[in-house]
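> missing the sequence, but the structure's below:
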């Protein structure tokens, strides 16, 4: 470096050299070549990250090498919904967050190392659009307001929606300073990073460019705790097709842990209201098989407060996590049955409870927390006028495993003092009866978690089958991800309103009626006060109710919204 | 047979405040009373006045007495349609009254109740009674401010009494905007409207006939209506309305089948004549081609019952058969 009179501004010097085709003898600038394009992460100290970028043999400035492990085929996933500093800055995770950092190393072509500082390197990127992006919505392109993303949803160097290129200068070891690149918010987008010498740097003329060997793909990741009963070897399957539905929108759904609960883990009143013999809740159910029920106004609070059942929060390890509660039945109290006078001509006579507005399941004990089964129970020797002569209680109601419907019960009349005579055809006994009822559901998103029904051996397509269970899981998580976006959610995403989103019409919450048909009439799909008509035949996993046409996939209209969702919290 | 109004008077002899504090045992005793009545049908009760600052929900009590046979053919839970008319603007809202709150908020719905084969007669004989309290505020998405509503419940061919409600709350104003209607829909309805039919003009109320007509070789539903109603403020046209129109009347036609989604057709009908004031009688006859006016397909063949709601009143049922 001796004799250099004008050590500054190599750019100017080089340009002059190019024009005059001579070198400056007093300040000979070397010719450079690009050697390494590496990804780096700062964990207190700078470390190299192997994977998409190069694995440099020059480790002088790096204290360690890390390796990306999450692959999307030959490319690498970048989970943009997760904070890279979950475990603290000294354990920064390079696979989390929208920002990826790179450095490039140059060498002097003359083999010397005396003038490595000062070379300029230009970083650039190439984006391959993720599915559903530039062919927005497939056959329904109305979802996009414009062809590109909006504002901070975009990629760029130095910041989101940042620069198309960035130029960095090498240090005395030949390494540039860090170039930070921000991926888009659109899951599925792929990025390739490249670097070349700035035209002002000698050696740029040979045009050599370094590129990342694989692409970075925008992904999201969330976790669930699988919670289920530990009874009769009940083991729900992994919701693989639900996971596949999220894979299609570039989100990994991963089981973090499993919790199994036993009868004794529950409060005493709820033990028998959670674990039933199957025939109590299902027509033709087994008399010996024990099944678990999780329901509202029953035991769901246990899954919010009981350490043995509730979600184990792991904010540093699994920050985006939900409790997936899987059970054979999801019965809720459905009010009391009709009040009716039943004519008995024999003891232990079977009667069928008239449903009316109540639910179709009579179980013992009743599903309702703290409730007796019999709400009104009286007997009399005369039907009219009605004169109560004695009481019918829970002890007088028998439920037979061979009953012909879940509304059938047997009445064993009281015995002992004051008991009615044994009824006969000629001398019947009349019983005025009203019982607690229940109704079974298939899935439900609550503040205590997602409840999904799985019953082993159920025929495909039926409620409780593996297929329907997977649909329920994907559907309920969909709601957690603001699906189907109402107008305000779509606006926040800078997208148009979802073309098939609807409110009410058979439920509440926001659903997708893609491919659905509906009855004639004047319909305002956005009117939450319109409960009718209920559409049928929707093929999207976000359709409002179980239908034979349901698929465990998001439709072409739903996908872009999901791909642009911020999945940073559940 | 006891009338619905007698049943309503017998069960809902409670104060407005009682609707909010009534306990299960009281409901059960009223249910026992209902079971002993010679009555088949449905009746409803709601508070007549409600102060929105004092209450956050709107209870409606449904009283029903029915046979086992009826419940199997027209199950109460699956066939109770709540109709609410906003008497400020004439709009009509519908909801399934007895789809449980869980069913409405469950994100994936419930398992279907299979009707199955007809049970033996012994299981269908006799009558049952049921009293239920339902919060209908969210069911109909009722704005929680000043308002006037009329509610009714239909269970296929059974129609309840009507229950009026005045909501006392904020935003009380006499400056009710004229009825809002989509000009295109209005024009479409008008274009498919005939001002004549042969129905007898009622002294007060509505007579109607829904029939199958022919439009260019296709079956269309034709609704013939003759009405004589007191004009409410929302019926009076704004100054910007079309000339000669003295009233605009929102009409909702409902077609029902057991266990199926109700079909709803709504439109706004113009009445012509000298200018009217609020409270004066608007009369008129019209026949409307339902399909042409609402751009909707013809309902599937089958047996239906029809109702028409105008101005908070529900008229019907009328039976209709649509052939293939």
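Received, thanks. Quick caveat: nothing in here was measured; it's all calculated off a predicted structure. Numbering: from 1, shown residues only, chains lettered A, B, ... in the order given.

> where exactly do the strands run in the stretch 201-350 of chain A?
A:209-211, A:216-229, A:251-261, A:275-277, A:290-292, A:321-327, A:331-336, A:339-344, A:349-352 (DSSP state E, counting those that start in this stretch).

> just checking, what packs against the last one?
Looking back up the chat, that one is strand A:349-352. For strand A:349-352, the packing partners by 3 or more C-beta pairs under 8 Å, 6 or more residues apart in numbering or on different chains; DSSP states H and E come out as strand A:408-411. For glycine as for every other residue, the C-beta is placed from the backbone atoms N, C-alpha and C.

> Now do the strand it packs on, average pLDDT.
Across strand A:408-411, the average pLDDT comes to 97.

> Briefly note if it comes near chain B.
No. If you take C-beta under 8 Å from any C-beta of the partner chain as the test, strand A:408-411 misses chain B, and the best it gets is 8.8 Å.

> Pick the most buried one from the strands of the stretch 201-350 of chain A.
Ranked by mean neighbour count, the strands of the stretch 201-350 of chain A are led by strand A:331-336 with a mean of 26 (mean count of other C-beta atoms under 10 Å in any protein chain shown).

> So which elements touch that one?
Here strand A:331-336 touches strand A:429-440, going by 3+ C-beta pairs under 8 Å, 6+ apart.

> Just give me how far the helix or strand following the strand it packs on sits from the chain centre.
Per DSSP states H and E, strand A:429-440 leads on to strand A:443-446 as the next helix or strand towards the C-terminus. How far strand A:443-446 lies from its chain's middle: 13 Å, per C-alpha atoms, centre = their mean, to the nearest Å.

> Quick check: neighbours of strand A:443-446 in the sheet, parallel or antiparallel?
Using DSSP bridges, the strands paired with strand A:443-446 are strand A:449-453 (antiparallel).

> what's the least confident stretch among the strands of the stretch 201-350 of chain A?
Minimum mean pLDDT among the strands of the stretch 201-350 of chain A: strand A:331-336, a mean of 91.

> Need the residues that contact it.
Outside of strand A:331-336, the residues within contact range by C-beta atoms under 8 Å, 6 or more residues apart in numbering or on different chains are A:281, A:293, A:295-298, A:357-361, A:363, A:366-368, A:371, A:375-376, A:434-441, B:100, B:102, B:132.

> let's see 7 Å
Residues external to strand A:331-336 that are found in contact with it (C-beta atoms under 7 Å, 6 or more residues apart in numbering or on different chains): A:281, A:293, A:295-298, A:357-359, A:361, A:367-368, A:375, A:434-441, B:100, B:102, B:132.

> Span of stretch A:163-181 from start to end?
9 Å (C-alpha to C-alpha, to the nearest Å).

> Quick check, pLDDT for residue A:274.
Value listed for residue A:274 in the pLDDT field: 96.

> That one contacts residue A:295, correct?
No. Residue A:274 is beyond contact range of residue A:295, at 8.9 Å (criterion: C-beta atoms under 7 Å).

> So which bits of stretch B:294-302 are buried?
Neighbour counts over stretch B:294-302 (16 or more other C-beta atoms under 10 Å in any protein chain shown) mark B:294, B:296, B:299 as buried.

> same question, stretch A:159-170
Judged by neighbour count using 16+ other C-beta under 10 Å, the buried positions of stretch A:159-170 are A:160, A:162, A:165, A:166, A:167, A:168, A:170.

> State the distance from residue A:44 to residue A:273.
In this view, residue A:44 and residue A:273 are 53 Å apart by C-beta to C-beta, to the nearest Å.

> Looking at these two, which one has more neighbours?
Between residue A:44 and residue A:273, residue A:273 has the larger neighbour count (other C-beta atoms under 10 Å in any protein chain shown), namely 22 against 11.

> residue ranges for the helices of chain A, please.
Using DSSP state H, the helices assigned to chain A run over residues A:10-20, A:240-247, A:268-274, A:302-305, A:466-480, A:487-492, A:558-563.

> Could you say which one of those helices comes nearest to chain B?
Closest to chain B of these is helix A:466-480 (C-beta to the nearest C-beta; 4.8 Å).

> touching chain B at all, the closest one?
Yes. Using C-beta under 7 Å from any C-beta of the partner chain, helix A:466-480 reaches chain B at A:472, A:475, A:476, A:479.

> quick one: contacts of that helix?
With C-beta under 7 Å, 6+ apart as the criterion, helix A:466-480 contacts A:237, A:239, A:241-242, A:245, A:322, A:324, A:442-443, A:445, A:450, A:452-454, A:460-462, A:509, A:541-542, A:546, A:550, A:552, A:570, B:107-108.
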